[in-house]
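> what would the 3D arrangement of this be:
(2 chains, ligands or ions: 1)
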Amino acid sequence: MCLGIPGEIVELIPGQPELAKVEVAGVRRAINVGLVNQDGIRPGDWVLVHVGFAMSKIDEREAAATLELLRGLGQAYTDELEALAESDIT
Amino acid sequence: MRFVDEYRDAGEARRLAARIRELCEPGRRYTFMEVCGGHTHTIYKHGLEDHLPESVSLVHGPGCPVCVIPMGRVDDAIAIAREPGVIMTSFGDMMRVPGGQGSFFDAKAAGADIRMVYSPLDALKIARQNPERTVVFMAIGFETTAPSTAMTVLRAAAEGIGNFAVFCNHVTIIPAIKAILDSPDLRLDGFIGPGHVSTVIGCRPYSFIARDYGKPLVCAGFEPLDVLQSVYLLLRQLAEGRAEVENQYTRVVPWDGNQRALSAISQVMELRPHFEWRGLGFIAHSALRMREAYAAYDAETRFPVPGVRVADPKACQCGEVLKGVLKPWECKVFGTACTPETPIGTCMVSSEGACAAYYNFGRFTRRREPVPLALGPRP
Ligand code: SF4
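So this is what the prediction gives:
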């Protein structure tokens, strides 16, 4: 919950400027980008996602490192990914 | 994996370790607190203390949101969950946190409708889908999750969703650090600052630590090399007689934080006069509650909340662990009566808790002395 999960923006959602689709470890889910979209969010950008909200933009390098760190968490990361997969934000 | 090696490079770790050793004055001891549970995790997982000289100790701070929820608040949440028509929602981490009358899991088994959600927005969706029920979201966490709760309430208000409420347990990191600094027998030499909380609050709010208490703080990333480099930066400040707030984690943490997130929080929530932290007692202005203007979304206004203070179990030494006085394995029930499957205390529940982290990755030597650091009782 405190460690954000890096997600890659894959799709903006027309008519819903606060939402965007991200891909995290093969899972595609909508998240809220209302806290980081002041400078514009584009597909290909990486964000750190905390409980369904992008909290900061990061670069691809940081995203890769954070993902690796999260994988090392084992069960805690799997649980978080499962929770994310169940998430259905609209 | 591409990119990752530079944060894990063994040669760089050795070089940093050597520079750290050079900076340590002979005969002087250094104790740094890592405020955030994420750092505790990295430190245990990679056995980082083994890379540091004997004279440098790392102690854990109170920065695990699940760990600091007092028993009474769990009981309050369960009381709300038992109200007719209520669906209680919270993060998975909350499910096993023991209250005085058991955990969410126990209450669920006894018939309460309690559901795990990934995001407060998922709780809001459940509210949309169940107009005849009231969906309560038990909100926990520091400034990393508080903006999400605030944004969700704003969304509920914008959509006019009336059957959604928040049981607000958000805590703020600065007063907890201040409480530790005000402890009479403080022996800390500096802080490894929380990385992700700082993406929201920025680095400025820590300046009082340097200014008023003369202690350095370095906002740190979560990679092993980040933590080692932060220890190096802390030692360099001490060696040069400086006490400043430094940002090691500039690749993620902006100096000014995330203003949008901060304004969402302050639009919806305000500071409570005081809040009880598990193991630390009451700390003034250390938590958030819903503002009057959003009382319609405040579970504490909408439902009777017992608000009974429940003393921690006698065997539990989470308070000492949260203050950095005890290492997890020094707790009498660690790994025997208290395990991640059957936690007695909260530090064993979340992966960010020191006890769970140590239980899962207990690798580094246990020879180190416990560091004397005690918090006085708070009114
Ligand atoms: S072992 Fe259990 S009871 Fe002891 S401090 Fe850790 S979480 Fe608390």
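> go through stretch B:94-107 and flag the buried ones.
Neighbour counts over stretch B:94-107 (16 or more other C-beta atoms under 10 Å in any protein chain shown) mark B:94-100, B:103-104, B:106-107 as buried. In this view, the C-beta of every residue, glycine as well, is placed from N, C-alpha and C.
> state the pair within these that is farthest apart.
Of all pairs drawn from the buried residues of stretch B:94-107, the greatest distance, 16.4 Å, lies between B:95 and B:100 (C-beta to C-beta).
> can you tell me the residue of chain A closest to chain B?
residue A:52 (2.7 Å; C-beta to the nearest C-beta).
> contacts only, for the closest residue to that residue other than its chain neighbours.
The shortest distance from residue A:52 to any non-neighbouring residue, by C-beta to C-beta, 6 or more residues apart in numbering or on different chains, is to residue B:119 (2.7 Å). Residue B:119 makes contact with A:31, A:51-53, A:87, A:89, B:148, B:152, according to C-beta atoms under 8 Å, 6 or more residues apart in numbering or on different chains.
> narrow those residues to those in helices?
Using DSSP state H, the subset of the contacts of residue B:119 located in helices is B:148, B:152.
> out of the contacts of residue B:119, who's nearest the ligand?
Closest to the ligand out of the contacts of residue B:119 is residue A:51 (23.5 Å), distances taken as C-beta to the nearest ligand atom.
> my guess is that closest one contacts residue B:122, does it?
No. In this structure, residue A:51 is not within contact of residue B:122 by C-beta atoms under 8 Å, at 9.1 Å.
> SS state for the residue of chain A most remote from its centre?
Using C-alpha atoms, centre = their mean, the residue of chain A lying farthest from its centre is residue A:15. It sits 19.9 Å away. Using DSSP: H, G, I helix; E, B strand; the rest coil, the secondary structure recorded for residue A:15 is coil.
> dihedrals phi and psi, it?
phi 80, psi -10 (degrees, to the nearest 10).
> confidence score at it?
Per-residue pLDDT puts residue A:15 at 86.
> follow-up on the earlier one: among the buried residues of stretch B:94-107, which are in helices?
Short answer: those in helices (DSSP H) are B:104, B:106-107.
> tell me which of these is nearest to residue B:231?
residue B:104 (37.7 Å).
> residue contacts, the closest one?
Contact analysis of residue B:104 by C-beta under 8 Å, 6+ apart lists B:74, B:77-78, B:81, B:88, B:90, B:94-97, B:114.
> then residue B:165?
Per C-beta under 8 Å, 6+ apart, neighbours of residue B:165: B:134-137, B:296-299, B:302-303.
> so where is chain A shaky, pLDDT-wise?
A:1-3, A:38-39, A:73-74 (pLDDT under 70).
> what domains does the record give for it?
A:1-58, A:59-90 (automatic domain parsing).
> deepest of those, which one?
domain A:1-58 (a mean of 19; mean count of other C-beta atoms under 10 Å in any protein chain shown).
> what helix or strand does the residue in chain A that the ligand sits nearest to sit in?
Nearest residue of chain A to the ligand (C-beta to the nearest ligand atom) works out as residue A:76 at 15.8 Å. For residue A:76, the host element (DSSP states H and E) is helix A:75-86.
> same for that helix, what does it pack against?
strand A:5-12, strand A:27-32, helix A:60-71 (3 or more C-beta pairs under 8 Å, 6 or more residues apart in numbering or on different chains; DSSP states H and E).
> make a markdown table from those and add distance to the ligand to it.
Output for these, formatted as a markdown table (distance: least, C-beta to the nearest ligand atom, whole Å):
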| stretch | distance to the ligand |
| --- | --- |
| strand A:5-12 | 25 |
| strand A:27-32 | 31 |
| helix A:60-71 | 23 |
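> which one of those lies nearest to residue B:69?
strand A:5-12 (22.4 Å).
> elements contacting that closest one?
strand A:19-24, strand A:46-50, helix A:60-71, helix A:75-86.
> try it again at 7 Å.
Secondary-structure packing of strand A:5-12 (3 or more C-beta pairs under 7 Å, 6 or more residues apart in numbering or on different chains; DSSP states H and E): strand A:19-24, strand A:46-50, helix A:60-71.
> same list, the ones you listed, but as CSV with distance to chain B please.
As requested, the helices and strands packed on strand A:5-12 are exported to CSV (distance: least, C-beta to the nearest C-beta, whole Å):
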stretch, distance to chain B
strand A:19-24, 9
strand A:46-50, 5
helix A:60-71, 4
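> if we ignore the residues flanking it in sequence, what's nearest residue 72?
With no chain named, the answer covers chain A. Residue A:72 sits nearest to residue B:45 (C-beta to C-beta, 6+ apart), 6.2 Å away.
> hmm, I had chain B in mind actually
The nearest residue in space to residue B:72 (C-beta to C-beta, 6+ apart) is residue B:310, at 4.6 Å.
> then residue B:74?
residue B:99 (2.9 Å).
> check whether the one you found really touches residue B:69, as I assumed.
No. Under the contact definition of C-beta atoms under 7 Å, residue B:99 does not touch residue B:69, with a separation of 8.8 Å.
> how far away is the residue nearest to residue B:74 from residue B:128?
Taking C-beta to C-beta, to the nearest Å as the measure, residue B:99 falls 29 Å from residue B:128.
> for residue B:213, same thing?
48 Å.
> comparing these two, which shows the higher neighbour count?
residue B:213 (17 against 14; other C-beta atoms under 10 Å in any protein chain shown).
> for residue B:215, see how far away the closest residue to that one other than its chain neighbours is.
With sequence-adjacent residues excluded and distances taken as C-beta to C-beta, 6+ apart, residue B:213 is closest to residue B:181, at 5.1 Å. To residue B:215, residue B:181 is 7 Å away according to C-beta to C-beta.
> which one of these two has more residues nearby?
Shown here are residue B:181 and residue B:215; by other C-beta under 10 Å, residue B:215 has more neighbours (24 against 16).
> pick out the residue of chain B closest to the ligand.
For chain B, C-beta to the nearest ligand atom, closest residue to the ligand: residue B:345, 2.3 Å.
> residues touching that residue, list them.
By C-beta atoms under 7 Å, 6 or more residues apart in numbering or on different chains, the residues touching residue B:345 are B:316, B:318, B:338, B:355.
> and the residues you listed, which is closest to residue A:11?
residue B:355 (40.8 Å).
> next, count neighbours for that closest one.
Residue B:355, neighbours per other C-beta under 10 Å, totals 33.
> can you tell me the SS state at it?
Three-state assignment for residue B:355 (three-state DSSP): helix.
> how near is residue A:12 to residue A:50?
20 Å.
> residue B:164 now?
Taking C-beta to C-beta, one finds residue B:164 at 20 Å from residue A:50.
> how are the strands of chain B distributed by residue range?
Applying DSSP state E to chain B gives strands spanning B:30-36, B:56-63, B:86-90, B:114-116, B:134-141, B:164-170, B:190-193, B:217-219, B:245-247, B:269-271, B:274-277, B:281-284, B:288-290.
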